[in-house]
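Peer 1: Structure of the sequence below:
(one chain, ligands or ions: 1)
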Amino acid sequence: MYIGRHLSIKEGYASAAKAAYSGGINAFQYFPKNPRSLGLKAFDGREAERCAELCRQHDILTVAHSPYPTNLASEREDVRQRTVDSLLNDLDIANSCGSIGVVVHFGVYKGKEPLAGYQSIIQSLNEVTSRWNGNAKLLIEIQSGEHTFMGTTIEELAQIRGLCAEPAKLAFCLDTCHMFASGLWHGETDAEWLKKAVSLGVLEHVAVVHFNDSMFAAGARRDRHAALGSGHIGEEGLKWLMSVPALAGVPFILETPSDEDGTYERQLNLMREWGT
Ligand SMILES: [Zn+2]
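Peer 2: So this is what the prediction gives:
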């Protein structure tokens, strides 16, 4: 299985790839640029290409994560436009690094007409895909429901992708903490949501799993990631998810606090154990 965690790129993209294989993981996520800004980054294409090469050599799968202010659904046209430009920049970097794609949250809409929020998402996605022809995809992440009503269901993922002009450029990111927080999942095995993801054609397009435990109870709508084994989801459900055949080649990536010793070894070992 492909197992890993979020890594820093402060020493460069290729250094993150080196840190991955020297740390014994074969998947990682990174911020392609400053995570707190939609500002565009002029990056070193050759350095990014070295990252891609190292990942090919060592069979490492990677995904980029878009900056926090990225908002496909924004009711503010300036934010939406800057989101589109920023995502094209993220895709460019991710593609050069040989990554599967760029994780982007479903979106947060604060306006008065919920439907307009969904329309904004579709418009933003269409604007990005019409200007993008690389291999890296946009990976739409399911949400926890903490800041928005949007993007917490399998149906919404299916609909958004289905209504876009170029669905082949879009895939999905599942986040175990978000699905638990929203109440979509209570940590049970053979979960109903998975059956729905199969029947609505979502599961076959899941490209990455954010593998996080949850500090709060199911349905609490609190997006607080906990270290594996110290949250409310429980081992049984997390272990089951790792055994879903359709997810066998999909990277499972931790976005959790480190273990007591400051490393992630205990959590990574749990994943290795669960994934075999
Ligand atoms: Zn996540």
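Peer 1: tell me the SS of Ala52?
Peer 2: helix (DSSP: H, G, I helix; E, B strand; the rest coil).
Peer 1: List the contacts of Ser258.
Peer 2: By Cβ atoms under 8 Å, 6 or more residues apart in numbering, Ser258 lies in contact with 227, 264. For glycine as for every other residue, the C-beta is placed from the backbone atoms N, C-alpha and C.
Peer 1: same thing but at 6 Å, please
Peer 2: By Cβ atoms under 6 Å, 6 or more residues apart in numbering, the contact set of Ser258 is Tyr264.
Peer 1: likewise Ile121?
Peer 2: Per Cβ under 6 Å, 6+ apart, neighbours of Ile121: 72-73, 107, 160.
Peer 1: I'd like to know which of these is nearest to the ion.
Peer 2: Gly107 (14.3 Å; Cβ to the ion).
Peer 1: which parts of the chain sit against the ion?
Peer 2: 175, 210 (Cβ under 5 Å from the ion).
Peer 1: distance from the centroid: which residue in the chain tops it?
Peer 2: Most distant from the centre of the chain: Lys112, at 27.8 Å, with distances by Cα atoms, centre = their mean.
Peer 1: So that residue, which state does it fall into?
Peer 2: Applying three-state DSSP: Lys112 is coil.
Peer 1: quick revisit: let me have the contacts of Ile121 in CSV, adding distance to His65 and secondary structure as columns.
Peer 2: Converted to CSV, the contacts of Ile121 look like this (distance: Cβ to Cβ, whole Å; DSSP: H, G, I helix; E, B strand; the rest coil):
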residue, distance to His65, secondary structure
Leu72, 14, coil
Ala73, 18, coil
Gly107, 15, coil
Ile160, 19, helix
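Peer 1: By neighbour count, which of these wins?
Peer 2: Leu72 (31 neighbours; other Cβ atoms under 10 Å).
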